[in-house]
Structure formats: C-alpha cells, structure tokens
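Colleague: can't give you the sequence, but here's the structure:
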C-alpha cells in the first residue's frame with residue numbers, strides 16, 4: 001500500500017511497531033494508514049487509571065499473566081509523563097513489565113504524554129486504534145496517574161478501572177467529582193494495608209449516592225497476585241453493548257482528534273523559544289502573544 005504497512009490483523013510485531021511510529025510521529029502516510037484501519041475483531045480498550053503510587057503497572061502485569069492463560073493476545077500502551085523542561089520521558093513502566101517483553105502474545109509500547117495534562121498523549125487514541133485493528137484481544141492503556149484530570153481516559157476506554165489505595169480515604173471527597181464518576185470498576189490495591197476494609201465501605205457509600213448502578217469494588221494485593229483473577233473475569237465478561245456512555249465516549253474521541261488537528265504546526269519547543277524571545281523584548285503580554293499563534 002505505497003509503503004504504508006498493512007496493519008489489519010497483522011501478526012508481525014515489527015509491522016505493528018512501524019505503524020505506531022508512523023502514527024505517533026505523524027510521518028508520511030499516517031493519515032492514509034489510519035483511514036485504512038478495519039475493526040473486524042472485537043477488541044476493547046481497557047483504561048487503568050488512578051493516583052500515582054497506586055501500583056497500576058504491577059496490577060497490569062498480573063492481569064496480563066491471567067489473560068495469557070486464557071490464550072488471549074494483549075497489547076499494552078504504557079503512558080509516561082514528559083518533562084516540561086527537556087521533553088524527555090523516563091518510560092519506567094517497561095521495567096515493571098519486563099517479564100512479558102519476549103512473550104509472543106504480548107506487545108508493549110511506551111509513549112510520553114508530550115505535554116498533555118490529563119495523562120493521555122494526543123496520539124494515544126490513534127495508536128490504540130492501530131492496535132485494535134491489528135487483531136489483539138485486549139488493549140490495556142495505563143495512564144500516568146496525575147489525579148482528577150485523568151477523567152479524559154473516558155474518551156478512549158471501553159472499560160475504565162480506577163485504582164486506589166487505602167490511604168486515599170482522607171482524599172476521597174476531593175477526587176470523587178473526577179475519578180469517582182468515570183469508573184466501571186474500582187480497585188483498592190495494597191489491600192493488606194491498615195484501613196482497607198473501612199475505605200472499601202466508605203467508597204461504597206460515596207459512589208452509591210452518585211450513580212444509578214454501583215460499579216464493583218475489588219480488593220487486591222497486586223505485588224502478591226492476590227485478587228487479580230476477579231478483575232480479569234470482570235474484563236472478560238463485561239458486556240460493552242450495555243455501556244450507556246458510548247456516545248459520550250465517541251464524542252470525546254472526536255473532540256480530541258479535532259483538537260489535535262487544529263494544533264498541527266504548533267511546535268512546543270519552538271513555542272518555548274518564542275516565549276523566551278518575547279520576554280527578553282520586554283512588555284510581555286500573555287494574551288497579545290497568544291493572538292499571534294491563533
């Protein structure tokens with residue numbers, strides 16, 4: 001296809017990796033590749049989100065183990081924060097998933113947020129769709145864990161899992177208007193810590209007042225592979241057709257893609273240099289400067 005890799009139902013991880021690179025960096029053929037995608041196989045996107053330090057990567061690693069036993073083919077997008085100063089990224093999630101690097105049924109790709117404050121790269125939606133078209137059974141998307149603003153995962157995921165820890169009990173009222181309202185299921189990880197049962201009960205009371213149908217709450221100790229089987233079963237048996245947020249999710253995806261196209265041509269590094277020059281010139285006015293870019 002004129003040098004564009006045919007990604008649909010591809011078993012070649014090298015072809016998949018090349019396609020992701022083309023899309024992520026908006027290289028020649030990116031638009032044509034995306035328009036050629038076919039979704040002949042049901043492949044839900046599973047969003048795993050929550051505050052930093054909740055153990056999301058360890059949890060994902062354990063869930064992969066269980067899904068592999070069922071003969072599933074799994075892709076992982078592990079999103080890491082980008083430094084606002086050098087635009088680099090640690091991509092540390094790969095370390096905790098090292099045991100699956102060479103597994104023939106697991107494809108792991110790390111990517112940086114590239115300045116997105118909500119925990120998702122602007123290219124995450126497109127890259128997830130490339131993986132869905134490649135014939136995986138599940139695409140797991142682990143976000144960076146920046147807190148309440150991660151509600152934008154609802155614009156991407158068919159199933160959203162919110163991971164919390166018992167210590168979040170003191171902060172639960174502050175985050176419920178964000179993370180608490182997007183979950184299809186809650187996971188209280190590190191449940192061997194003090195206060196886990198009390199936190200679970202309080203969580204049930206809070207979400208019971210805010211939603212018509214209470215999402216399940218799972219207690220896990222991911223580092224010891226405890227409780228992960230119930231989560232894997234939930235992922236495998238959730239009826240996506242019952243997702244009444246489908247139109248909202250699709251609206252959010254389209255909005256994000258339109259936003260991305262509108263920002264084409266604005267290079268953040270160049271923007272930083274232009275701001276530096278404007279500051280040196282004196283009499284800097286933020287709103288006048290913005291008008292030069294709009």
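Modeller: Yes, it's here. Just so it is clear, the model here is predicted, and its values are computed rather than measured.
Colleague: centre of the chain to stretch 27-44, how far?
Modeller: Centre-to-centre, stretch 27-44 and its host chain are 18 Å apart (CA atoms, centre = their mean, to the nearest Å).
Colleague: avg pLDDT for it?
Modeller: The pLDDT scores in stretch 27-44 average 89.
Colleague: now swap in stretch 47-67 and tell me
Modeller: Rounded mean pLDDT across stretch 47-67 is 89.
Colleague: now do stretch 136-146
Modeller: Averaging pLDDT along stretch 136-146 yields 84.
Colleague: and stretch 193-201, how far from the chain's centre?
Modeller: Its chain's C-alpha centre and that of stretch 193-201 lie 27 Å apart, by CA atoms, centre = their mean.
Colleague: scan the protein for its longest helix.
Modeller: helix 246-262 (DSSP state H).
Colleague: what about the strands in the stretch 51-200 of the chain?
Modeller: For the stretch 51-200 of the chain, applying DSSP state E, counting those that start in this stretch gives strands covering 74-80, 106-112, 138-142, 159-164, 185-188.
Colleague: what would those look like in TSV with mean neighbour count?
Modeller: C-betas here are computed from N, CA, C, even on glycine. Output for the strands of the stretch 51-200 of the chain, formatted as TSV (neighbours: other CB atoms under 10 Å):
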stretch	mean neighbour count
strand 74-80	25
strand 106-112	20
strand 138-142	26
strand 159-164	26
strand 185-188	23
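Colleague: of those, which approaches residue 252 most closely?
Modeller: If you check each of those against residue 252 by CB to CB, strand 159-164 wins as the nearest, at 11.9 Å.
Colleague: report the rounded mean pLDDT for that closest one.
Modeller: On average, strand 159-164 scores 90.
Colleague: pLDDT below threshold where in the protein?
Modeller: Along the chain, the model assigns pLDDT under 70 to residues 1-3, 81-99, 113-122, 144-152, 154-155, 168-181, 208-212, 240-246, 248-249.
Colleague: repeat that with 50
Modeller: 83-92, 115-119, 147-149 (pLDDT under 50).
Colleague: which parts of it are helices?
Modeller: 13-24, 30-35, 56-69, 93-96, 124-133, 172-175, 196-208, 228-237, 246-262, 268-281, 286-293.
Colleague: closest to residue 158 out of those helices?
Modeller: Taking CB to CB, helix 246-262 is the member of these nearest to residue 158, at 7.6 Å.
Colleague: could you say what helices and strands that closest one packs with?
Modeller: When contacts are defined as 3 or more CB pairs under 8 Å, 6 or more residues apart in numbering; DSSP states H and E, helix 246-262 sits against helix 124-133.
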